[in-house]
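Colleague: Build me a model:
(chains A, B, C and D, ligands or ions: 6)
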Amino acid sequence: MATTVETRKAKVNDVGLAKADYKGGPSTLCAGCGHNSISSQIVNAAYELSIRPHEIIKLSGIGCSSKSPAYFLGKSHGFNSLHGRMPSVATGALVANRSLKGIGVSGDGDTASIGMGQFVHLVRRNLPMVYVIENNGVYGLTKGQFSATADHEQTLKYAGTNPFMPVDLCMEALTANCGFVARSFAGDPKQVTELIKAAFSFDGTAVLDIISPCVTFNDRDESTKSYSWGREHQDPLHDVTYVPRYEEIQVDYEPGETTIVRLHDGSALMLKKLDEEYDPTDRSAAIQLLDEARANQVLATGLIYFNSDQASLQDSEQMIKRPLSELTPDELRPSQESLQEVLEGFK
Amino acid sequence: MATTVETRKAKVNDVGLAKADYKGGPSTLCAGCGHNSISSQIVNAAYELSIRPHEIIKLSGIGCSSKSPAYFLGKSHGFNSLHGRMPSVATGALVANRSLKGIGVSGDGDTASIGMGQFVHLVRRNLPMVYVIENNGVYGLTKGQFSATADHEQTLKYAGTNPFMPVDLCMEALTANCGFVARSFAGDPKQVTELIKAAFSFDGTAVLDIISPCVTFNDRDESTKSYSWGREHQDPLHDVTYVPRYEEIQVDYEPGETTIVRLHDGSALMLKKLDEEYDPTDRSAAIQLLDEARANQVLATGLIYFNSDQASLQDSEQMIKRPLSELTPDELRPSQESLQEVLEGFK
Amino acid sequence: MTENSTRAKALVNDFSMVVATVNGSGSQTSNLALVRALFRMGIPVSGKNLFPSNIQGLPTWYTIRASGDGHTARRESVEILVAMNVTTFTEDHAGISEGGACFYADHLPKPQARAGIVYYPMPIKDLVKEVSPPKDLKEYVANMAYVGIVSEMLGIDLEAVRGALMTHFHDREKPVELNMGMIRLAAEWAKQNLEKQDPYRVEADNKTKGKILIEGNTAGALGAIYGGVSFASWYPITPASSFADAVRQYLPQLRKENGKNTYAVIQAEDELSAIGMAIGAGWAGARSMTSTSGPGISLMAEFVGLAFFAEIPIVIWDVQRMGPSTGLPTRTSQGDVMFVRYLGHGDTKNVILLPGSVAECFEFGWRAFDVAERLQSPVFVLSDLDLGMNLWMSDPFDYPDEPMDRGKVLTAEQLEEIGEFARYRDVDGDGIAYRTLPGNEHPLAPWFVRGTGHNEHAEYSERPDDWERNMERLMRKADSARDLIPAPVLSGSGEARVGLIYYGSTESAVREACDRLTEQLELDTLRLRAVPFNSDVKQFIEDHEVLCVLEMNTDGQMHKLLQLEVPERATRLRSLTQNNGLPLTARWIAESLVDLVGG
Amino acid sequence: MTENSTRAKALVNDFSMVVATVNGSGSQTSNLALVRALFRMGIPVSGKNLFPSNIQGLPTWYTIRASGDGHTARRESVEILVAMNVTTFTEDHAGISEGGACFYADHLPKPQARAGIVYYPMPIKDLVKEVSPPKDLKEYVANMAYVGIVSEMLGIDLEAVRGALMTHFHDREKPVELNMGMIRLAAEWAKQNLEKQDPYRVEADNKTKGKILIEGNTAGALGAIYGGVSFASWYPITPASSFADAVRQYLPQLRKENGKNTYAVIQAEDELSAIGMAIGAGWAGARSMTSTSGPGISLMAEFVGLAFFAEIPIVIWDVQRMGPSTGLPTRTSQGDVMFVRYLGHGDTKNVILLPGSVAECFEFGWRAFDVAERLQSPVFVLSDLDLGMNLWMSDPFDYPDEPMDRGKVLTAEQLEEIGEFARYRDVDGDGIAYRTLPGNEHPLAPWFVRGTGHNEHAEYSERPDDWERNMERLMRKADSARDLIPAPVLSGSGEARVGLIYYGSTESAVREACDRLTEQLELDTLRLRAVPFNSDVKQFIEDHEVLCVLEMNTDGQMHKLLQLEVPERATRLRSLTQNNGLPLTARWIAESLVDLVGG
Ligand SMILES: Cc1ncc(C[n+]2csc(CCOP(=O)(O)OP(=O)(O)O)c2C)c(N)n1
Ligand SMILES: Cc1ncc(C[n+]2csc(CCOP(=O)(O)OP(=O)(O)O)c2C)c(N)n1
Ligand code: SF4
Ligand code: SF4
Ligand SMILES: [Mg+2]
Ligand SMILES: [Mg+2]
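Modeller: Ligands and ions are numbered 1, 2, ... in the order given. As a prediction, this is how the structure comes out:
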């Protein structure tokens, strides 16, 4: 008996927590929804990174995707905000308490339709946070209308035919000067996990545009947001492995075949090249890649662009490192003498 | 005496109107403001194109730039809308009456800050209109705060230092799949006029990002939005000449040195190459150009990208050519019989 | 005796049946088949869907009320339960009224039986196995099984069910026969294996003859179409999306010219854009509208102020859901009244139409354009989820009986004749000025729309007198509105001590409550159909000693607007509200009224 | 005799002077120098800038009122005109009161002289030529010329002017001396060439001793700072921008830690984002605010509903300008009261503070955070352009006399002790539940903020009873608010027949009107300082036979809110409004009151 208990004891991470400590409530999304898979990878990433749940805040807008924060990190504080407005709420929260790690989950409707402006400006300010777009090309929660990332000329039973070109959110992020632009596919859980881990270690806005099929409204083979299309057309730029700060990077790779990008907290992302040469630190290469992937209908996944030289919003604002929420009344309210001094100027 | 009168008689265009017929009220903008110069070029363009003023609608958001429609085309119908929201109003108006030509004037604050979402979606829908951004890097009307196109690290007396990277509205337009992307400079009136004329002839969204110095708040030499910087750093891609539909294109150019792009109404834009080879119909070249101009701090002006193959919004929506506003009550209200038929379905 | 015979009669064509299923399992077709079958049998019926804000997996309840008396509001009692959802079975079971029937899928663990309830186990799994449908249709077909069993046990005519499915599948035989296969099999099984023990049954009647069964959103959309809508912009939102869906569905067959559309329906990127587009189109001369719900209304505030102040006609159809904030997207409420009335900073006052039935959804659908273009202002239509998304019985809609009113628009010819034009001049004394449309080629025609202060010529003006004059005119116009909008509907002798004022989707429950109360409480009623109020409303308040304002919001919003309208009678007006997401019931209304004003 | 002596007295330190210039010509420094010089001489003074929505070129008027009696509201009469703008000279000239003085730049074409007006031509161009400033400063320096001449002719001490400039230029001698050069020259010229003929002059007094001269926006910003603001987001908009400017100006010197900021002030991309950021920061535990004006308020509607419903503390400072819509961006109004009260779809009811002076701008600046954090809700402060952007005299502000109230926030230690936590449970019966902040490491601490329906544990719930219970608690909380917010200020004997209710920036004009009316009309007054109303307000209404609600909007918005509060006295409440963009004057108030309620 004792032995049985022993072996059953849950594995724990460096802060002594089990995977279960990172789970959320039971999902009310459709069975098979890509979003559920991404939720699991967020759980894995946080667990593997050994972040204490209360050090994370999770945020979202409105949509099926935006519901998902209820289904992961149940021990983290969270904010399910308004449709398209998660970026501003995240900005306020993470500026008020920069010791927290923020992860936002949004949908393609939430980000590319109603939320386009806030998205661009979030990225432009370089607020440190993980920004996940669960991209399914439709509005799931309102039952399948086209979103702004829907395929050109695509036909859906309910929504009709879409005459417009899709918004490319990676390109938008790049245009807005994002220093961490990744694309992935919910059908590739390993890549998703590694990218999320890296994104958590990045001190700036990390955008992950993840194709996340809506099995109910947009999973037909011809849709670029379907599982089958993703599986057939995915073309990973590299094999991605996250290497924690304290681990030596294993040199079991042929030099030249692997790129290492260093993240702000000392950890690294090891990118083992597949296919051809691709340097994610070359901005114009990244732009070109996206433009070509778009033209050739390829799902190029991986870390598309990386630049860790940009100041975070809080640093741009020359803020203290301490959470503003921890300031005491004495620290918040300047002295009586200072008031008298200030008022002298109005005499 | 008679002779004097004769010579004084105003020159008229093909529809018998004088330049004065295209003017607006006296400007209340600052003397020397770039916006005034652009207003004049809009007047010139409309006059030279011989558009009847009532066939144009002019629209704007809110700002100094957005006030300017009051100062040109006084005989055209106009709509000074809300801050950042001109695109949606223009969409409704031009869909309701597609026989009108629309010209919208916006500012960098109006478009790149509050209006980013509407701008991207306007372009994405390819609503035929001339969209002019009078880009001065500041909020003029509210007295000189930084806008989202302000230079990185720029310092202004009132606004302080800007820690953020500028939004590149041409790149945004391209990313949103715009078929007519141009950049110009209020200090180059000829180029502005020719581009506006071409834009009027384009059956899709034509975006003109025109550097238009704010002499009151952002005209110091080091600002990329100043007259002096513009004059020094302007690097026109080509010499631009608009050729009306009914004119034969003069063949007084060396073949290979000039590109001709055909506009929807049969007119053309003649681009006489300056400097190096540049093909505005090559999308990735355009993207690269913008990325390089940004990196090298060059003001590359001219027609940056051109693609006339995309359906206009009204065509995507399979609309009749007639203005919807001209439909008679009989055309608007389906017959009594049809109602009975429809209601049968609910029995 | 009377008591008894009433009771006996009540058992025929008089029940509420709740079908408890799982969201996304395809039960909608089954439920609609039952509703439509009853309807085809000539029995007054309504169908209300209580669904979660979810796509798949959460509990959902569909209530079918059959009522020989024609009362189709929600009611508290549940005479028949069809239990298909394990997670809610215990709770659902507890809710069955005394003497009721419980149909349940026999693979569900059955709660402790209650005395007086009749149980009908349904071997859903076995029945499904028998027809062996493709795997992905299993759940769907399972729902057809209960249609068959319930039909058999209640006496619902299978031919009527078949007709209902024909309507559902637009006369395509194949899916109808597929479904009928399961239904017939299940009915046959029931006939062989179940013994009728409960008293509820249906009998063909003729009370639905010529009538239609329709949702308010569809009705409103058809109304808009017969009002000549030429531009509609929208952004998806529950419970308003199906309004736009219906517009998109019916326009193509009704408004083509040489194969091209004489309209545009545009899905905007958000509600700010949706209303901006509608305003642009309204300015340019289209019959222009947008449809949305609470969160969209909040986002439209700035643009509504512009349309109000620049005087641009547009129609805004608000299918109210439960707020504040995101609230309960799939629950009904009348909570936007106050907010919409004063929507926009500064001194705004918006016109509101209040349809009380699907027929009025249709009527106000077309009339709203006439009002908007006549007044040159935004006109709100406040529907709600219950009215908009549930099935209501109605007489067929009347074709518009008035010519289209395009309002005071001057053509080039008229301008030529008049020789002058000032966009914001009150020529007729009603506060409504004349406008011209873009494209009008007369030199006098152009004016510059602006949200900034303006003089009569639409020129920017900061002059205090220009501002005051313009606002006075707008207030005059607001007064003119009173007689351009639908008058209230009065009923009762006019002599009662108590007057009940109400509006919107509570109509059916109020009518039923009044019937219940006839013996107990004499009531006159006034159903508001618009804000601002006309003189009838004042008179009604004047004429009654005790007045009660009934509505589905927490704050008594219409009660407040009425108090402001008739301050001298403010204390006479009592507020009666319930706001928990469920449609009101006649019983609650009747009891609350008696409590409030005495029996 | 009395009449006469009053008049004689009036001529000393009692006039309104209007300086008519062209916008963007740099006259602001000149006008401020005059105002501050008078102030330094101990004379009560106010400065009001009537400026166009324009950067350069349009007419602008600056009014300086000196008043020995301490009355500093706007008044209709203009005793002294300084005419520097050719386009408005004729009109301005016509506006001078009988017996007044007209200083004018002598290159302007002078209108036909009026009898009884004294004219002083000013050779501005020649004087400027004499000091030959750089070309781009010419216009600016020209304005200094009138400072010199007017000072000389009215008896304004040049040393006081110099002191004023030292304040303006933050004690930098160089620009001060540059300006004083022109001023002295002009004064000297006036001394030599002009003969004093009008009766207006100033005499040093001691009525401003210890006082300060400040704009409401600056005062409010300082208040926020002394309230411990740690997060402020904003988007530029007239007349609110200078609020954020002042926050940005003073924070760096007051809130650093090792050279780093213990705060953040972020210019958002629009108002939707500004309030979203503020809400995020309020949730995360910052003292968080945003400042805006009408159009921004409209855009914030959806987010305000969220903050109300999810109960997030934030302060929203609304410097009201004239609406509806873009309206008159540079004109004052009190037009957002109704809209803000009910801002957000569904049943929302927001708390509003109403500062009536710059001192209260300061006080409510800090107090608003206490109220917001105590109530866990958005708190609006409604200032206006007149109060916010004009110069007002005040006693120096009192340092906050209450400890900071951070509201019901549970720490990890407290949670450990209590052993349970339900975010939305009404533990204390006041409707206000306890919250925890993100980062709180206790396992009980996390909760999920949502705008959707929720139970006590902040879990999503569609249950009717959860919704009702939560709304009831929110209504209870709204009631609790009454005693947490500033009580009204009463004045008068309490025995008068007529009670006047008012609020906000009309304070100074009302006080002056009361002084005027003492003989004519006995008045008690009640100045509202917050919505909802506390029991004093009800009592005041109870105690007076005739009540008049005075405000600067078209619709009588506060009048309406009061009628709703006290329906049994609704008809006693009369509405008195003027809303044309100009601050009210004592004369208009006094006359209108007498008209309305009898002398
Ligand atoms: C202001 C506002 N408008 C509309 C809605 C309705 N709405 C809810 S979710 C949604 C779209 C969600 O689409 P997406 O972000 O792609 O998420 P998905 O459900 O596909 O994961 C919409 C339009 C809303 N909640 N708020
Ligand atoms: C909703 C809203 N927010 C803020 C404002 C105030 N405002 C007026 S103009 C303007 C900025 C204009 O900047 P830009 O578009 O660059 O025009 P410019 O004046 O520089 O030509 C702002 C913020 C407004 N009118 N409406
Ligand atoms: S509807 Fe689509 S996006 Fe929503 S939960 Fe279902 S599968 Fe996922
Ligand atoms: S402030 Fe700047 S943008 Fe505005 S009118 Fe003056 S120069 Fe032009
Ligand atoms: Mg989606
Ligand atoms: Mg600008």
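Colleague: OK, contacts around whatever residue of chain C ends up closest to ligand 6?
Modeller: Taking C-beta to the ion as the measure, chain C has C:Thr452 as its residue closest to ligand 6, at 18.3 Å. For glycine as for every other residue, the C-beta is placed from the backbone atoms N, C-alpha and C. Contact analysis of C:Thr452 by C-beta atoms under 8 Å, 6 or more residues apart in numbering or on different chains lists B:Asn80, C:Tyr460, D:Ser53, D:Ser325, D:Thr326, D:Gly327, D:Leu328, D:Pro329.
Colleague: which residues does the residue located most distally from the centre of chain C contact?
Modeller: Distance from the centre of chain C peaks at C:Gly419, with 46.8 Å (C-alpha atoms, centre = their mean). Going by C-beta under 8 Å, 6+ apart, C:Gly419 touches C:Leu444.
Colleague: contacts for the longest helix seen in chain C?
Modeller: Using DSSP state H, we find that the single longest helix of chain C is helix C:173-193. Residues outside helix C:173-193 that contact it (C-beta under 8 Å, 6+ apart): C:29, C:33, C:120, C:122-123, C:127-128, C:130-131, C:133, C:141, C:144-149, C:151-153, C:158, C:161-162, C:165-166, C:169.
Colleague: which helices and strands sit right next to the following helix or strand past that helix?
Modeller: Elements were assigned by DSSP states H and E; along the chain past helix C:173-193, the next helix or strand is strand C:212-215. In this structure, strand C:212-215 makes packing contacts with helix C:27-40, strand C:391-394, judged by 3 or more C-beta pairs under 8 Å, 6 or more residues apart in numbering or on different chains; DSSP states H and E.
Colleague: Give me the buried entries from the contacts of helix C:173-193.
Modeller: C:29, C:33, C:120, C:122-123, C:127-128, C:131, C:133, C:141, C:144-149, C:151-153, C:158, C:161-162, C:165-166, C:169 (16 or more other C-beta atoms under 10 Å in any protein chain shown).
Colleague: near ligand 4, from those?
Modeller: For ligand 4, no contacts are drawn from the buried ones among the contacts of helix C:173-193 by C-beta under 6 Å from any ligand atom.
Colleague: Which ones among those residues map onto helices?
Modeller: Per DSSP H, the subset of the buried ones among the contacts of helix C:173-193 in helices is C:29, C:33, C:127-128, C:131, C:141, C:144-149, C:151-153, C:158, C:161-162, C:165-166.
Colleague: Spell out the residue ranges of the helices in chain A.
Modeller: A:2-8, A:34-49, A:64-67, A:86-96, A:108, A:116-125, A:169-175, A:189-200, A:227-233, A:283-296, A:313-316, A:329-332, A:336-344.
Colleague: looking at the chain, which helix or strand does the model trust least?
Modeller: All of this is about chain A. helix A:2-8 (a mean of 48; mean pLDDT, DSSP states H and E).
Colleague: just chain C next, same as before
Modeller: helix C:2-10 (a mean of 43).
Colleague: State the mean pLDDT of the helix or strand following that one.
Modeller: Per DSSP H and E, the first helix or strand lying C-terminal to helix C:2-10 is strand C:14-22. Strand C:14-22 shows a mean pLDDT of 96.
Colleague: so what's C:Ala513 up against?
Modeller: Residues in contact with C:Ala513 (C-beta under 8 Å, 6+ apart) are C:Ala586, C:Arg587, C:Ile589, C:Ala590, C:Leu593.
Colleague: just checking, the third one touches C:Ser508?
Modeller: Yep, that's C:Ile589 we're talking about. No. When contacts are counted by C-beta atoms under 8 Å, C:Ile589 is not listed as touching C:Ser508 (10.7 Å).
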